[in-house]
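> how would this look folded up:
(2 chains)
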Amino acid sequence: MGRKILLVEDDRETAAYLAKGLTQEGHSVEQATNGQDGLFRATDGTFDLVILDRMLPVLDGLSVLKALRAARIETPVLILSALASVGDRIEGLEHGSDDYLVKPFSFAELLARVNALLRRRESRVDPADHRLSVGDLEIDPLSRTVKRGGKKLDLKPREYLLLEYFARNEGRVVTRTMLLEQVWDYHFDPGTNVIDVHVSRLRRKLDDGFEKPLLHTVRGAGYMLAA
Amino acid sequence: MPTTLRIALLAGLLALLSNLAVVGFIYWRTHDESLSTVRRQVVEQGKVVSDMYRVGGQVALNDAVADAITYGDPQTVAALVDRHGRQLIGNLAVIPVQGGRLQEGYRSSLLRLKNQSTPREAAMVVHRLPNGQWLISGRTVGDGLALRETLESSLLLSLVVAGLLGLVCGVIQAQYVGRRVGGIASVADSISAHDLSRRVSLSGSGDAFDRLGQQINAMLDRISRLMEELRLLTDSLAHDLRTPVSRLRSAAQAAAESSDPKEQEELLAGVIRQSDILIRILSSVLEISRSEALTGRNQFTWFDARELADKLAEMYEPLAEEAGATLRYAKPGDPLPMFGHRQLLAQAVSNLIENAIRYGAAGGEITVGVTRPDAHIRIAVSDRGPGIPTELRNEARRRFGRLDSSRSDEGAGLGLALAEAIAHLHDGKLILEDNGPGLLTAIELPVRHEGTLPSLQ
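Model prediction:
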């Protein structure tokens, strides 16, 4: 289902590339090339998502974000930035953005995050009060128990968090960085495949002995939980 | 106005002002003193003469006045005036009347005596006698005044001399200061002209100028060191980026030339992988310089160091297992609260763990531990691998310093440098020690109490 996305980005090449990709995904994309114009359009409030570059002419991204939040416009904002230090990312998130993506990034990474943000807007129910199910997998967030095909799975606490995050993004690509940020709350890039090792452990517990795998690897992007 | 002149003038002015204060004080005291002495004498003399009248009557008074004039010193003033204002006996040339008549009491005024041509300052007492006559008795203070004038003129002279001397001292001082400062300035000049090797010469006296010189020399040493470091860093960065860039280039070229779609896809995946390596190198370099510049202290928070280590140990345990080692963490019983950058410290410790897994997994056992040696928190990662010989440990800390010359694996040699930079951000240090056998790496940070928060930037 297509959504309305506002793209505020002054670099023509990046903007064209992103607009093309997002349009191909079925979204309608409106563009602004400076902060002031971006803020003006975003205050209209009819967008489902704002993708905001951090360094913009006239008015920088963080100021746009601050102004938006001050005007009580709660449209999800994804910040794109060439400022890559851990401190910069945290600063961006503290200013009220919903996600922060460092340039350069792959389009798959951006798309995964866009979809996660759009989905979050869709289901604003209290996450703890209803069960999640994917195929024959059942997750009870209250007791933190997981069953597959009626059989209880024995997961470690972190494995449970990982699975719950996958389940909340059922059918959507989840990238390694998203997992690191959302499940571990770390905003740095480990130089190793530490996330893959955790996912493959979870996969063994989840899929071993079942005919149909639930946890899939999406090449060049990440993972996806889908029946 | 040149500084030398200004210093000289200032010194002269100060000398003048301080002397003025001293001279003023002396003048005030002597002036007061001489006037009150004369007054005492005059009152005394007046009393003696009028007593004569009381004891011996008119005749005795007349004699006393005549005697005073005849035998008294030349400063003596004495006169007997009748009720009409005529001088009966006396040495006054003019009767000092006020408003047409004499006034009783003490006063000082100008008086001209009979044998004098000019009036002189005098102090006198005027008594009215019971028979209606006036008795004037007093002293000219001419001599006292003359003394005062001498005193005043010498004081004035000393004032001028003091001012001049002050000026001369000022010039000498200014030249001295100018010479010492000039030496420092000429060093600064040659540094601006790109000669960083010069140093301020010290007199060895340990005075303020020497201390200034020492400070400047220390600053110059530090700048040279930093510049050397920067040069090395730029060199290594350029060198280390060449490898992934050339791999990237050849993979891209091969992909462009390949006609087999499957092979093309593989080559392009390689292009992306090499780009990711490049990006990772660049962000690490960025993170290091940010931490060394102490930015990010405004993101410090309180957290439990035990939990930080716990979460990382749990995160890396599967990776260690894949590499054939067991990762253990003995969690201390009590919380170890600390104030710092949680994300960056997690990254620093994760670098230590990754290093241990990468180079020490062969030893089979990796241990993470948090201890609190006096007023510090120490997060240590130790392995039983080959370790690093003492003489190579500094190389290991250096950015891009890698001990194996083959640069085949993906570690860019930035892990320990970043951990050290993050330790510096927290006023702490990175420790590399022999684990007998193996390597122990640790981050040791001073514990902060709420009262001693680091300055926020």
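
> which helices and strands sit right next to whichever helix or strand residue A:206 is part of?
Using DSSP states H and E, residue A:206 sits within helix A:194-207. Identification of packing neighbours for helix A:194-207 by 3 or more C-beta pairs under 8 Å, 6 or more residues apart in numbering or on different chains; DSSP states H and E yields helix A:157-168, helix A:176-183, strand A:215-218, helix B:305-322. C-betas here are computed from N, CA, C, even on glycine.

> swap the cut-off to 6 Å and go again
Under the contact criterion of 3 or more C-beta pairs under 6 Å, 6 or more residues apart in numbering or on different chains; DSSP states H and E, helix A:194-207 touches helix A:176-183, helix B:305-322.

> Now do the buried residues in the last one.
When neighbours are counted by 16 or more other C-beta atoms under 10 Å in any protein chain shown, the buried residues of helix B:305-322 are found to be B:305-306, B:308-320, B:322.

> near chain A, from those residues?
Among the buried residues of helix B:305-322, the residues within reach of chain A (C-beta under 6 Å from any C-beta of the partner chain) are B:318-319, B:322.

> Include pLDDT when you put those residues into a markdown table, please.
A markdown table is the format used below for those (pLDDT from 0 to 100):
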| residue | pLDDT |
| --- | --- |
| B:318 | 93 |
| B:319 | 93 |
| B:322 | 91 |
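
> tell me which element residue B:122 falls in.
Residue B:122 is part of strand B:120-128, with elements assigned from DSSP H and E.

> Check the offset of that strand from the chain's centre.
Relative to its chain's centre, strand B:120-128 lies at 64 Å (C-alpha atoms, centre = their mean, to the nearest Å).

> And for stretch B:336-346?
For stretch B:336-346, the distance to the chain centre is 34 Å (C-alpha atoms, centre = their mean).

> Now look at that stretch and say if it contacts chain A.
Yes: residues of stretch B:336-346 contacting chain A under C-beta under 6 Å from any C-beta: B:343-344, B:346.

> any chance of those residues in TSV, with secondary structure, pLDDT and neighbour count too?
As requested, the residues of stretch B:336-346 next to chain A are exported to TSV (DSSP: H, G, I helix; E, B strand; the rest coil; pLDDT from 0 to 100; neighbours: other C-beta atoms under 10 Å in any protein chain shown):
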residue	secondary structure	pLDDT	neighbour count
B:343	helix	91	21
B:344	helix	91	28
B:346	helix	94	24
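
> ok, which stretches of the chain are helices?
In the absence of a named chain, this looks at chain A. Ranges of helices in chain A, per DSSP state H, are A:12-24, A:35-42, A:61-70, A:86-94, A:107-122, A:157-168, A:176-183, A:194-207.

> please go with chain B instead
For chain B, the helices defined by DSSP H occupy B:3-71, B:142-192, B:208-257, B:261-292, B:305-322, B:342-360, B:393-397, B:415-425.

> Columns distance to residue B:258 on top of the residues of stretch B:336-346 next to chain A, output as a markdown table?
Output for these, formatted as a markdown table (distance: C-beta to C-beta, whole Å):
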| residue | distance to residue B:258 |
| --- | --- |
| B:343 | 42 |
| B:344 | 42 |
| B:346 | 42 |
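
> Could you chop chain B up by domain?
Here the domain parsing of chain B from automatic domain parsing is B:3-146, B:247-292, B:298-452.

> The shortest one: how far from the chain's middle?
Averaged C-alpha coordinates place domain B:247-292 at 53 Å from its chain's average position (C-alpha atoms, centre = their mean).

> Domain map for chain A?
Per the record, chain A has its domains at A:4-122, A:127-225, by automatic domain parsing.

> Turn the helices of chain B into JSON lines, columns for distance to residue A:205.
Below are the helices of chain B laid out as JSON lines (distance: least, C-beta to C-beta, whole Å):
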{"stretch": "helix B:3-71", "distance to residue A:205": "81"}
{"stretch": "helix B:142-192", "distance to residue A:205": "66"}
{"stretch": "helix B:208-257", "distance to residue A:205": "36"}
{"stretch": "helix B:261-292", "distance to residue A:205": "29"}
{"stretch": "helix B:305-322", "distance to residue A:205": "12"}
{"stretch": "helix B:342-360", "distance to residue A:205": "23"}
{"stretch": "helix B:393-397", "distance to residue A:205": "38"}
{"stretch": "helix B:415-425", "distance to residue A:205": "31"}
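
> check contacts around residue 162.
I went with chain A, as the question did not name one. By C-beta atoms under 6 Å, 6 or more residues apart in numbering or on different chains, the contact set of residue A:162 is A:183, A:202.

> not quite, I wanted chain B
Per C-beta under 6 Å, 6+ apart, neighbours of residue B:162: B:15, B:19.
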